[in-house]
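Trainee: Structure for the following, please:
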Amino acid sequence: MTKPELTSGIAYKALQNFFNQKPFVLFGTGTSCAVDPSFGMKALEEYLQKEIPNPSLTTNPRKEWNKVVEKLKIGTDFESAMNEIKDKKLLKKVIDKTAEHVTSLNRKAGFEIFTGKTVWPARHIFKRLVDGLPETDRTLHVATTNYDMLAEFAFANSEIPYITGFCGGVIRKLDWTQSERQVTFNEKIPSGRSKMVSVARIKKHIRLYKVHGSINTFEFKNQIIETDSCDQLVDGFQRIMITPGASKHEALHNYRTALLSEFDQAIRSHSAFLFLGFGFNDNQLINNAIIDKLRVQNSHGLIVTRETNERIDALLKNSKNTWLVCKNENEESVRIFNCQYKDWLYLHNKEFWKFDKFAEEILGG
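Mentor: As a prediction, the model looks like this:
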């Protein structure tokens, strides 16, 4: 059977209808790279090569790091090259240097976002999604593989309530139940002719799952904690950041309850998924949690990103309800794809592969 042509009318209607389903949102480094390209994996790769010099390593870690560097030189992707790291001391050094790099960028960009000097590009999409939450379900479930806190600064700037599962003061402990109480309020409603009663309500808010940890997340005395006052690591604190490579799987297993249990439940309860600046690099996380939803269960998906890649292209071939919005390869314009249609739709003089433009064009603001 010949596939139909994809028209702008069909595409616009499909993209707008997608948001009637209250999607789960997963955003990646593309949202941060739009603020500063140094947040990207290429910049991190270059930083680590500069900051982990061979003379500082003992024999076994040096051999492993040399293998990483050799693979990168012949064009092996960063994730695969990092599979060479098995030594725990070398892994700790990689994590600490990664945190050092991201923290430095986050400090500058984060406060510029909070003060309004810089706009986090996905802010408008999240604002529309939260404002549009139904009264009967006031939680937008969101996950990120990013270590930085640019989203949190953007939510604060936009006065969007959010929780990350932690509650407390300068040292916050992981407790989703208590964390959710931070976004509740009491509302007085009539009861009978003259009586008013106080009823607990929940604010429209974001429930944010940082599935690879964060620059402000640590293990301390066998507890997972969050603190914003620990730029420099001190004795007794171990960073929780899941870096690329084979060690990721062990780390995800060790911290599965803290990082993924609530995320897994949220994935199971959703049938629509929005991906913003997400490259689908994480086979462990995505294959186990989401791919079956899109391919087998035909859940609805929408990917908005600057550039496609072979992983996204492979996913689209077998996911009939998944749409891709990305940049045209040769010009500043947008192209749209869904496997039920014959070919790409090219829209010239449109740039809504950019998140702010997408909000204007598709969500109307």
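Trainee: C-alpha from now on. contacts and neighbour counts both.
Mentor: Will do.
Trainee: just checking, next helix/strand downstream of the helix or strand where residue 188 lies?
Mentor: Per DSSP states H and E, residue 188 falls inside strand 184-191. Using DSSP H and E, the helix or strand that directly follows strand 184-191 along the chain is strand 195-202.
Trainee: Compute the inter-axis angle for that following strand and strand 184-191.
Mentor: Put simply, strand 195-202 runs at 150 degrees to strand 184-191, going by axes from the mean of the first three to the mean of the last three CA atoms, to 10 degrees.
Trainee: Would you agree residue 184 is in contact with residue 199?
Mentor: No. Residue 184 lies out of contact with residue 199 (CA atoms under 8 Å); the separation is 10.1 Å.
Trainee: Looking at the two, which one has more neighbours?
Mentor: Ranked by neighbour count (other CA atoms under 10 Å), residue 184 and residue 199 place residue 184 first, with 14 against 10.
Trainee: Would you quantify the distance from the more buried one to residue 170?
Mentor: Residue 184 is 21 Å from residue 170, where distance means CA to CA, to the nearest Å.
Trainee: so where do the strands sit in the stretch 201-350 of the chain?
Mentor: Using DSSP state E, counting those that start in this stretch, the strands assigned to the stretch 201-350 of the chain run over residues 205-210, 213-220, 223-226, 237-241, 272-276, 300-304, 322-327, 334-337, 345-347.
Trainee: The second one vs strand 237-241, what angle?
Mentor: Here strand 213-220 runs at an angle of 150 degrees relative to strand 237-241 (the same axes, to 10 degrees).
Trainee: Return the list of helices and strands in contact with strand 213-220.
Mentor: helix 88-115, strand 223-226, strand 237-241 (3 or more CA pairs under 8 Å, 6 or more residues apart in numbering; DSSP states H and E).
Trainee: Parallel or antiparallel, which strands does it pair with?
Mentor: On the basis of DSSP bridges, the sheet neighbours of strand 213-220 come out as strand 223-226 (antiparallel), strand 237-241 (antiparallel).
Trainee: Tabulate those strands (JSON lines), appending mean neighbour count, mean pLDDT and distance to residue 269.
Mentor: Listed next are these as JSON lines, based on neighbours: other CA atoms under 10 Å; pLDDT from 0 to 100; distance: least, CA to CA, whole Å:
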{"stretch": "strand 223-226", "mean neighbour count": "21", "mean pLDDT": "91", "distance to residue 269": "26"}
{"stretch": "strand 237-241", "mean neighbour count": "21", "mean pLDDT": "87", "distance to residue 269": "26"}
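Trainee: Output those in a markdown table, with distance to residue 316 appended to each entry.
Mentor: Below are the strands paired with strand 213-220 laid out as a markdown table (distance: least, CA to CA, whole Å):
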| stretch | distance to residue 316 |
| --- | --- |
| strand 223-226 | 37 |
| strand 237-241 | 30 |
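Trainee: wait, which of the ones you listed is closest to residue 47?
Mentor: Proximity of these to residue 47 was assessed by CA to CA; the nearest stretch is strand 237-241, lying at 16.7 Å.
Trainee: Low-confidence bits of the stretch 201-350 of the chain, can you list those?
Mentor: Counting by pLDDT under 70, the stretch 201-350 of the chain contains low-confidence ranges at 230-233, 246-254, 283-288.
Trainee: I'd say residue 242 and residue 213 touch.
Mentor: Yes. With contact defined as CA under 8 Å, residue 242 and residue 213 form a contacting pair (6.3 Å).
Trainee: ok, now how distant is residue 55 from residue 354?
Mentor: 43 Å.
Trainee: Repeat that for residue 255.
Mentor: Going from residue 255 to residue 354 by CA to CA gives 34 Å.
Trainee: Redo the strands of the stretch 201-350 of the chain as TSV? Include distance to residue 8.
Mentor: Putting the strands of the stretch 201-350 of the chain into TSV (distance: least, CA to CA, whole Å) gives the following:
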stretch	distance to residue 8
strand 205-210	32
strand 213-220	40
strand 223-226	46
strand 237-241	42
strand 272-276	20
strand 300-304	16
strand 322-327	12
strand 334-337	9
strand 345-347	7
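Trainee: quick one: which of residue 55 and residue 354 has more around it?
Mentor: residue 354 (23 against 8).
Trainee: Give me the phi and psi for the more buried one.
Mentor: Note on residue 354: backbone dihedrals following degrees, to the nearest 10 are phi -80, psi 140.
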